[in-house]
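A.B. asks: What shape does this take:
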Amino acid sequence: SEIENLVENYKVKEIMDDSGSFPVGNWTREFCEELIKRKYPQRVRINCNMRFNSSLTQKDYHLMRKAGFRFILYGLESASQKTLDRIDKNLKIKQIESCLRMAKNAGLNPHVTVMVGYPWESKEDVNNTILFVKDLFNKGLVDTMQATVVIPYPGTPLFEECKKNNWLNTLDWDKYDMSSPIMKTEVSNEELLSSVRKLYSYSIWNKTFIFNIISQLKNFDGIKYVSFQGLKYLGKLLEFK
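C.D. replies: This is a model prediction of the structure:
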């Protein structure tokens, strides 16, 4: 009913549910069936955040696509199992590819978020994450990606750990904007920023990404979508110049 209000009264054509993770299970199935029943897949696109270790099946992903879902964001964060365990992701590396493959098989556009600059990660850990993401693109399992530097915001367990271990380089909150590292690591700041640039470079200059861009340019809706993503990409490159 909320989507109905947005579509009918405000002519909204695309919605991003930016809650931590979209609900799964029977709620999702009922939600999708109702969207289909009200014939909204032809009028609005739905985007959302999702966890790799959700209980969604291939059938669920197909239903989401039928209901008008398009863009699915997954928090990959790191290809280091040590890091995933330490930040309580409750995720195993081996779960990632199978989940992305189901989303792609359903015709959805998977997007992954990646972070570098964890205090305990080595240069090798960072490079492994870069290579892992590059491999996902080469396999055609992800369409787009967002990379950034880890920031320990006040009030989080990571911030408390930073204070305890003297990992913070600054308490100038103006610098806590994800554009540059603020934690002490064995990887230099320039190497971390270079890693972010590499991630963006690998994500756009590959045959899968280029094919996806071309396939989106079939109508005005697709052109707008590609233009929006292109502007975001350019903005990120400027942030990590």
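
A.B. asks: Please count neighbours and contacts with C-alpha atoms only from this point.
C.D. replies: Noted.

A.B. asks: Please pull out the lowest mean pLDDT helix or strand from the protein.
C.D. replies: Of all the helices and strands that make up the chain, helix 207-216 has the lowest average by mean pLDDT, DSSP states H and E, namely a mean of 68.

A.B. asks: Next SSE downstream of that helix?
C.D. replies: Next helix or strand after helix 207-216 toward the C-terminus (DSSP states H and E): helix 220-239.

A.B. asks: And the strands in the protein?
C.D. replies: 14-17, 45-50, 69-77, 109-116, 144-149 (DSSP state E).

A.B. asks: ok, of the ones you listed, where does mean pLDDT dip lowest?
C.D. replies: Ranked by mean pLDDT, those bottom out at strand 144-149, with a mean of 92.

A.B. asks: Adjacent strands (with direction) for that one?
C.D. replies: strand 109-116 (parallel) (DSSP bridges).

A.B. asks: Can you lay out the strands of the chain as a markdown table showing mean neighbour count and distance to Lys94?
C.D. replies: Formatted as a markdown table, the strands of the chain follow (neighbours: other Cα atoms under 10 Å; distance: least, Cα to Cα, whole Å):
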| stretch | mean neighbour count | distance to Lys94 |
| --- | --- | --- |
| strand 14-17 | 15 | 27 |
| strand 45-50 | 20 | 17 |
| strand 69-77 | 22 | 12 |
| strand 109-116 | 21 | 15 |
| strand 144-149 | 22 | 19 |
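
A.B. asks: Export those strands as a markdown table, with columns for distance to Thr129.
C.D. replies: Formatted as a markdown table, the strands of the chain follow (distance: least, Cα to Cα, whole Å):
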| stretch | distance to Thr129 |
| --- | --- |
| strand 14-17 | 27 |
| strand 45-50 | 20 |
| strand 69-77 | 9 |
| strand 109-116 | 8 |
| strand 144-149 | 11 |
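
A.B. asks: if we compare the ones you listed, which one ends up closest to Pro23?
C.D. replies: Nearest of the strands of the chain to Pro23, taken as Cα to Cα: strand 45-50 at 8.4 Å.

A.B. asks: How about residues contacting the closest one?
C.D. replies: 13-22, 68-75 (Cα atoms under 8 Å, 6 or more residues apart in numbering).

A.B. asks: Also stretch 141-155?
C.D. replies: 97, 100-101, 104, 109-118, 136-137, 158-160, 162, 176-183, 192-193, 196, 199-200, 203-204, 208-209, 212.

A.B. asks: And for stretch 26-38?
C.D. replies: Pro41, Asp60, Leu63, Met64, Lys66, Ala67, Gly68.

A.B. asks: Swap in 7 Å and give it another go.
C.D. replies: Here stretch 26-38 makes contact (Cα atoms under 7 Å, 6 or more residues apart in numbering) with Pro41, Leu63, Met64, Ala67.

A.B. asks: Closest to Ser54 out of these?
C.D. replies: Met64 (14.0 Å).

A.B. asks: and that closest one, how many neighbours?
C.D. replies: 25 (other Cα atoms under 10 Å).

A.B. asks: Also the one 4 residues further on?
C.D. replies: Other residues within reach of Gly68 by the criterion other Cα under 10 Å amount to 22.

A.B. asks: Tell me which residues touch the nearest residue to it once chain neighbours are set aside, please.
C.D. replies: Spatial nearest neighbour of Gly68, excluding adjacent residues (Cα to Cα, 6 or more residues apart in numbering): Pro41 at 4.2 Å. By Cα under 7 Å, 6+ apart, the residues touching Pro41 are Leu35, Ala67, Gly68.

A.B. asks: What about those residues, which are in helices?
C.D. replies: Those of those mapping onto helices are Leu35, per DSSP state H.

A.B. asks: Can you tell me how far Val114 is from Gly75?
C.D. replies: 7 Å (Cα to Cα, to the nearest Å).
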